[in-house]
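> no sequence on this one, just coordinates:
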């Protein structure tokens, strides 16, 4: 339907639909887990035990089912940089806008349309006549290129979950007029940076099960070793999340740093080897700025030189200087999206939340994307902590 | 503008403000527009029981010993013919229900004003007129006066119908009367109108007999009032902004909190499934034949039993209660945790009524 934007770049929630999901929404089981969680929370030596999750789909489920209201006072659950749309940097949006204005067809995920660039969003460019298309996947974008004579650029955003399919399209002989403007991001380095931020004080990570289906749970061993904190991979139904948090609180109480998989019905230690192989065949990591958070080493995914012919940055001379007039910046200066994504602040700490900044007229990216904390909190009542 | 004043009277800022679809959605944006832009020249009579400032489903003005209820509504639905109804049934039901939920279940008279696009097929107009007649009969109401205008091809989309109605309310049931401990009753399952409209409009087949719930509710609500009398404090039809919109409005106007248990709210599996597929929350989806009642605890069970005995209320349920906490807000117990239930910021789908 035309009025609902397609899902964000992290894609579908595994096990999110259908009757099977209902067994992971059982109130009695939830209560039993919550009781166990309350017992374990007494063992936390340095309360509150601050747990960060890094996925918009986790936040959606947490907010929708009111899970924070079940947590003991000694457990604090915050969302980190888990919204790929939100951390896409303004200069990256500027590049996509510049390409669209130069007459190239730009295809991207629906959530990206309203994300503000320095002075313009893709939606603005489209209103001015540029050819901007909404797609659900990299393959859809390649299909558009099949049908069109002109150049088609896929503005590719998202974490490993969408980067792997982008790689697959590139490896399968896409049309010559197709190329990729990669804003794909790699999560583990960002988790490391945020773990080091002194004012976030994270004691454990609830890792995103959908990304781990591809990367495997083993990918988080490095974070555990380096930062001496537990990482639990969790699914997206309420019971999955409660079970993941309970495991984390138990580990925090026992001072135990390890990787645990609380989503074994979908995630293995090795992950999807073929997807990983394709991902790293096409992409390599590069330092890059995540909007509002930090310049993060090895956290941007760029096309390797061998695949430069599909790289929009190599194919086009992208001129964004004219879009960089900062004098037009308005309320965005007061936006605390970066602090929210680093876990230092909550949406309700922002004076613009629900006032100047709403889903219909967003100031910051966190209010644009269906994966953004602000948009999710706004949709589910403004403040999920009752 | 009917006069010829120079447009330079408008400064650039005023000129840049435009009407958006959200201004017609019946939520906060509509209320703000009415209060800040339209209502300055309107005024409540001094003796109004419920006036414009009440922003209720209708106005209540004393005439002699009686409470006259007056309401009006324009209908712009797309498509005009849909599973379960059409714009004619909607135009009558919408106004009858707005009277009924103010307490005027006995509808004295309706008006009908139509604006029709040139070239509109007369056969379609006949279908609409027949449907209005049948719905009037069901509601024991009659259209007593009307107006017809035609606009050029492309100047209006098909047909717009405005209806107004008057009735008399022996006991007025405004949005603002809910008290803590009042039981919140819901007359039917939610979301069917909006979801079936969207499915029809987008050409999505859900392989089910999903249909709009559009219907006059005055017969059902009259039965409730017979049993509950003045113990029925508030009635409201949960239309454009869905059940979430109706509950938030009465919580805010009554200055109480409302606590809802999600598992108690009847939602058909068709609506649940289609909602999951379309990414829509049934609480925020429009209804055209569902009302919310706030009833004093001592009468709640009797009223609920009475509702359930009526064919239009057989799915009725007690879904929550007024609370002396979280004033002006709605708390949803999801069965797992709790959160606030907010009014949708804009209609998930415009032109649905």
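Received it, and whenever you're ready, just let me know what you need. Predicted model, so just to flag it, every value in this text is computed and none were measured. Residues are numbered from 1 along each chain as shown, chains lettered A, B, ... in the order given.

> What residues does chain B have near chain A?
Proximity of chain B to chain A is confined to B:20, B:22, B:198, B:201-202, B:204, B:263, B:276-280, B:326, B:329, B:331-342, B:345-346, B:348-350 under the rule Cβ under 8 Å from any Cβ of the partner chain. (Glycine included, C-beta is placed from N, CA and C.)

> Out of the residues you listed, which sit inside helices?
Taking DSSP state H as the definition of helices, the residues of chain B next to chain A contribute B:198, B:201, B:202, B:276, B:277, B:278.

> Please, which helix or strand holds residue A:343?
Using DSSP states H and E, residue A:343 maps to neither a helix nor a strand.

> Please tell me how far the closest residue to chain A within the stretch 51-200 of chain B sits from residue B:275.
Using Cβ to the nearest Cβ, the closest approach of the stretch 51-200 of chain B to chain A is made by residue B:198 at 6.1 Å. Using Cβ to Cβ, to the nearest Å, residue B:198 is found at 10 Å from residue B:275.

> what does residue B:319 give?
Applying Cβ to Cβ, the value for residue B:319 to residue B:275 is 17 Å.

> Keep only those of the residues of chain B next to chain A that are in strands.
B:331, B:332, B:333, B:338, B:339, B:340 (DSSP state E).

> Which two among those are spaced furthest apart?
The largest distance within these, taken as Cβ to Cβ, falls between B:333 and B:340 and amounts to 11.3 Å.

> So what does the residue in the stretch 101-250 of chain A positioned nearest to chain B look like in phi/psi?
Minimum separation of the stretch 101-250 of chain A from chain B (Cβ to the nearest Cβ) falls at residue A:238, amounting to 5.0 Å. Backbone torsions of residue A:238, given as degrees, to the nearest 10, read phi -50, psi -40.

> Was I right to think it contacts residue B:336?
Yes: with contact defined as Cβ atoms under 8 Å, residue A:238 counts as touching residue B:336 (5.0 Å).

> okay, and the common contacts of those two?
Contact criterion Cβ atoms under 8 Å, 6 or more residues apart in numbering or on different chains; residues shared by residue A:238 and residue B:336: A:25, A:30, A:65, A:67.

> what about the nearest residue to residue B:340 once chain neighbours are set aside, which helix or strand?
Closest residue to residue B:340 apart from its sequence neighbours, by Cβ to Cβ, 6 or more residues apart in numbering or on different chains: residue A:381 at 2.7 Å. Using DSSP H and E, residue A:381 sits within no helix or strand.

> residues touching residue A:381, list them.
Neighbour list for residue A:381: A:63, B:329, B:332, B:339, B:340, B:341, B:342 [criterion: Cβ under 8 Å, 6+ apart].

> closest point of the stretch 101-250 of chain B to chain A, which residue?
For the stretch 101-250 of chain B, Cβ to the nearest Cβ, closest residue to chain A: residue B:202, 4.5 Å.

> And for chain B?
residue B:340 (2.7 Å).

> quick one: that residue and residue A:370, what's the gap?
From residue B:340 over to residue A:370 (counting by Cβ to Cβ), the distance is 19 Å.

> Same question for residue A:148.
Plainly put, residue A:148 is 28 Å away from residue A:370 if you go by Cβ to Cβ.

> Residue A:48 now?
In terms of Cβ to Cβ, residue A:48 sits 28 Å off from residue A:370.

> ok, those two, which is more surrounded?
It is residue A:370, of residue A:48 and residue A:370, that has more neighbours when counted by other Cβ atoms under 10 Å in any protein chain shown, with 22 against 16.

> pretty sure that one is touching residue A:56, no?
Yes: if you go by Cβ under 8 Å, residue A:370 and residue A:56 touch, sitting 7.0 Å apart.

> residues near residue A:46, how many?
The burial count assigned to residue A:46 is 10, neighbours taken as other Cβ under 10 Å.

> Regarding it, which helix or strand does it belong to?
Using DSSP H and E, no helix or strand contains residue A:46.

> Helix or strand next in line after the strand ranked longest in chain B, which one?
For chain B, the longest strand by residue count, based on DSSP E, is strand B:106-117. Downstream of strand B:106-117, the first helix or strand assigned by DSSP H and E is helix B:122-139.

> What is that following helix packed up against?
Under the contact criterion of 3 or more Cβ pairs under 8 Å, 6 or more residues apart in numbering or on different chains; DSSP states H and E, helix B:122-139 touches strand B:85-86, helix B:87-100, strand B:106-117, strand B:159-168, helix B:218-228.

> Including mean neighbour count, could these go into CSV?
Shown next, in CSV, are the helices and strands packed on helix B:122-139 (neighbours: other Cβ atoms under 10 Å in any protein chain shown):
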stretch, mean neighbour count
strand B:85-86, 23
helix B:87-100, 29
strand B:106-117, 18
strand B:159-168, 22
helix B:218-228, 21
